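Peer 1: Only the shape, not the letters, is given here:
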C-alpha cells in the first residue's frame, strides 16, 4: 500500500471468503484505508458456482463485470432474473434479496463490486426464499 496526503493505493494480496460464500479480494474498505462511506472489491465466482441467497441491509451495490456471464436472480422468491456479461454494469438497491450464478462450468466470472458501506460484510443478511 502506498500513501501520501491520505491518498492510498491498494493491491489486494489475499482472498477472503464472504458471507455470500464467494471469494473476494479486498480493496477499499474501512478496514484497509479508513473509508467512511465506500467499499470496493474484486469478486470471483468459480465455474458453475453461485452465491448464497442474501440481501444487503441498508446499502446500494454497483457491479462491473470484468469476465464471464453471471445470472442474478432477485425478488422475494428469486423469481426475477438478469444476465450480465463482461462490460456490463449491474445495480442492486438496498435490501433486495438476490443470488449470483456463474453461467460457465469451465471459466470463473470476475467483477468489481462497489458499495456505499465501508464495512459491507457486517450488513450481509442470509435470505431463504419462499
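Peer 2: Noted; the coordinates are in hand. Not measured: the values here are computed from a predicted model.

Peer 1: Which residue lies nearest the spatial centre of the chain?
Peer 2: Per C-alpha atoms, centre = their mean, the C-alpha nearest to the average position across the chain is that of residue 113, at 4.5 Å.

Peer 1: Tell me which helix or strand comes right after the helix or strand hosting it.
Peer 2: With elements delineated by DSSP states H and E, residue 113 resides in strand 109-115, which encompasses its position. Tracing the chain C-terminally past strand 109-115 and defining elements by DSSP H and E, one meets strand 124-126 next.

Peer 1: Note down every partner strand of that next one and its orientation.
Peer 2: Strands adjacent to strand 124-126 in the sheet, as given by DSSP bridges, are strand 54-56 (antiparallel).

Peer 1: Centre of the chain to the partner strand, how far?
Peer 2: What separates the centre of strand 54-56 from the centre of its chain is 10 Å, taken as C-alpha atoms, centre = their mean, to the nearest Å.
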